[in-house]
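**Q** Please work out how this folds:
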Amino acid sequence: MFLLLTFAVVMKAQQAAMPTIIVFPADSWMNDHGFMKTFNNQGETEYIPKYNEAFVNTREMGSVIQSIQKVFEERKFEHEDLQSILKDMKRERAEELANAADGDEAEKGAMDELMQQARPDIRVDVDYAVQMVGPRKNISYTIKAVDAYTSEQVSSVEGTISMTMDPTDLALRKAVAGNCDDLCDRIIEYYKDLRDNGRKIVVVFRSAPSAGINFIKDEIGDDGDTYDEFLYSWVKKHAVNQACKKGRKTAKMVEFKAVRIPFFDESGEPIEAEDWAKGVRKAFKAETGFKVSKGQGNTLGRVNFLVE
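**A** Numbering: from 1, shown residues only. Below you'll find the model as predicted:
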């Protein structure tokens with residue numbers, strides 16, 4: 001039985017030997033082509049990409065994404081298909097994904113849900129521009145790989161295709177296939193670091209007005225540790241190699257960045273950010289007696305808690 005369990009764990013680890021990618025139109029491309037919605041969020045302008053609308057009204061981008069995706073597939077990367085996920089989510093949900101009638105928060109939630117459903121390791125953003133020169137065209141492009149959990153840039157490649165008569169998707173596939181060895185090597189190197197040293201996440205604690213607490217002044221127990229010191233000590237102790245950085249800190253909010261969490265549990269199953277962070281939520285609740293609930297705005301790599 002032990003040998004069978006060990007074999008299963010090894011097989012799961014081998015299956016995850018290559019990162020899973022998902023290819024997106026870059027935000028800059030979406031904005032340039034009118035597929036970005038803006039709204040005012042307490043004085044700050046926020047942007048929401050309308051992917052369904054982009055694929056329906058600009059079929060070329062769908063073909064481009066498939067072409068770029070094929071390049072990575074040929075190099076043995078795992079991948080999730082953006083259009084397929086969008087279609088699945090639209091069937092599962094009554095509201096539209098890109099133009100939800102329930103307002104901006106519903107749209108933002110839908111985008112987060114998309115990434116939660118796909119759970120890629122790396123997001124690949126594709127941006128390109130076409131300039132026609134008679135029957136030929138010049139195509140400038142940028143392919144950028146970022147950590148899907150932290151949005152940290154991993155690598156990028158850019159170039160210009162001059163005076164081609166190929167369809168845009170074919171031209172880009174040829175160019176990227178011949179110019180992405182370094183990009184792929186850096187992605188694999190980055191992913192290996194995550195597997196060896198833990199995935200990076202962000203953990204945030206906020207207090208509700210009703211809680212009446214001050215993270216940086218109020219103390220826990222007889223040791224004299226403040227709430228933020230207690231949380232930092234717990235997160236650092238349980239992070240892989242104690243990798244954790246202090247982020248923003250106020251009386252009502254504390255943030256911990258670049259928290260490295262294990263890639264797999266003992267059975268070889270991937271560990272999600274929310275599952276790992278339950279430990280610090282329970283520890284804080286046990287020490288203080290406060291109710292701690294899941295906050296708003298959780299993403300693949302960001303866990304928010306609300307102290308009530």
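**Q** hey, where'd the strands end up in the stretch 101-250 of the chain?
**A** Along the stretch 101-250 of the chain, counting by DSSP state E, counting those that start in this stretch, strands occupy 122-133, 136-147, 153-164, 199-207, 219-220, 225-226, 245-249.
**Q** all helices in the protein, in order from the N-terminus.
**A** Using DSSP state H, the helices of the chain run over 2-15, 27-32, 51-57, 59-74, 82-92, 104-118, 168-177, 181-197, 227-238, 273-288.
**Q** quick one: which of the strands of the stretch 101-250 of the chain has the weakest pLDDT on average?
**A** Of all the strands of the stretch 101-250 of the chain, mean pLDDT reaches its minimum on strand 219-220 (a mean of 90).
**Q** Any idea which of the helices of the chain gets closest to residue 256?
**A** With CB to CB as the measure, helix 227-238 is the member of the helices of the chain nearest residue 256 (5.0 Å). In this view, the C-beta of every residue, glycine as well, is placed from N, C-alpha and C.
**Q** and the residue in the chain sticking out farthest from the centre, what are its phi and psi?
**A** The C-alpha centroid of the chain is most remote from residue 134, which lies 40.7 Å away (CA atoms, centre = their mean). Dihedral angles of residue 134 (phi, psi; degrees, to the nearest 10) stand at phi 60, psi -130.
**Q** Tell me how far it lies from residue 183.
**A** 32 Å (CB to CB, to the nearest Å).
**Q** Let me have the helices of the chain in CSV, extended by mean neighbour count, mean pLDDT and distance to residue 161.
**A** Output for the helices of the chain, formatted as CSV (neighbours: other CB atoms under 10 Å; pLDDT from 0 to 100; distance: least, CB to CB, whole Å):
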stretch, mean neighbour count, mean pLDDT, distance to residue 161
helix 2-15, 11, 45, 35
helix 27-32, 17, 95, 16
helix 51-57, 17, 92, 22
helix 59-74, 18, 95, 12
helix 82-92, 14, 83, 23
helix 104-118, 17, 70, 29
helix 168-177, 19, 95, 5
helix 181-197, 16, 95, 16
helix 227-238, 19, 96, 47
helix 273-288, 17, 94, 39
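**Q** In a markdown table, list those along with distance to residue 305.
**A** Shown next, in a markdown table, are these (distance: least, CB to CB, whole Å):
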| stretch | distance to residue 305 |
| --- | --- |
| helix 2-15 | 29 |
| helix 27-32 | 28 |
| helix 51-57 | 30 |
| helix 59-74 | 35 |
| helix 82-92 | 26 |
| helix 104-118 | 16 |
| helix 168-177 | 41 |
| helix 181-197 | 24 |
| helix 227-238 | 10 |
| helix 273-288 | 5 |
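**Q** Among these, single out whichever gets nearest to residue 247.
**A** Nearest of the helices of the chain to residue 247, taken as CB to CB: helix 227-238 at 10.2 Å.
**Q** what is residue 203 paired to in the beta sheet?
**A** residue 256, residue 303 (DSSP bridges).
**Q** returning to what we had before: nearest to residue 304, of the helices of the chain?
**A** Judged by CB to CB, the one of the helices of the chain that comes nearest to residue 304 is helix 273-288, at 9.3 Å.
**Q** Show me what the closest one is packed up against.
**A** strand 199-207, helix 227-238, strand 292-294, strand 302-307 (3 or more CB pairs under 8 Å, 6 or more residues apart in numbering; DSSP states H and E).
**Q** Kindly calculate the angle that that helix makes with helix 227-238.
**A** Orientation of helix 273-288 against helix 227-238 (axes from the mean of the first three to the mean of the last three CA atoms, to 10 degrees) gives an angle of 130 degrees.
**Q** quick revisit: distance of the residue farthest from the centre of the chain relative to residue 165?
**A** Taking CB to CB, one finds residue 134 at 10 Å from residue 165.
**Q** How about residue 84?
**A** In terms of CB to CB, residue 84 sits 31 Å off from residue 165.
**Q** And for residue 129?
**A** Separation of residue 129 from residue 165 (CB to CB): 17 Å.
**Q** Which of those two has more residues huddled nearby?
**A** residue 129 (13 against 9; other CB atoms under 10 Å).
**Q** That one against residue 139, yeah?
**A** Yes: under the criterion of CB atoms under 8 Å, residue 129 makes contact with residue 139 at 7.2 Å.
**Q** which residues does the spatially closest residue to residue 254 that is not a sequence neighbour contact?
**A** Residue nearest to residue 254 in three dimensions, not counting chain neighbours: residue 228, with 4.4 Å by CB to CB, 6 or more residues apart in numbering. By CB atoms under 8 Å, 6 or more residues apart in numbering, the contact list for residue 228 reads 215, 216, 249, 254.
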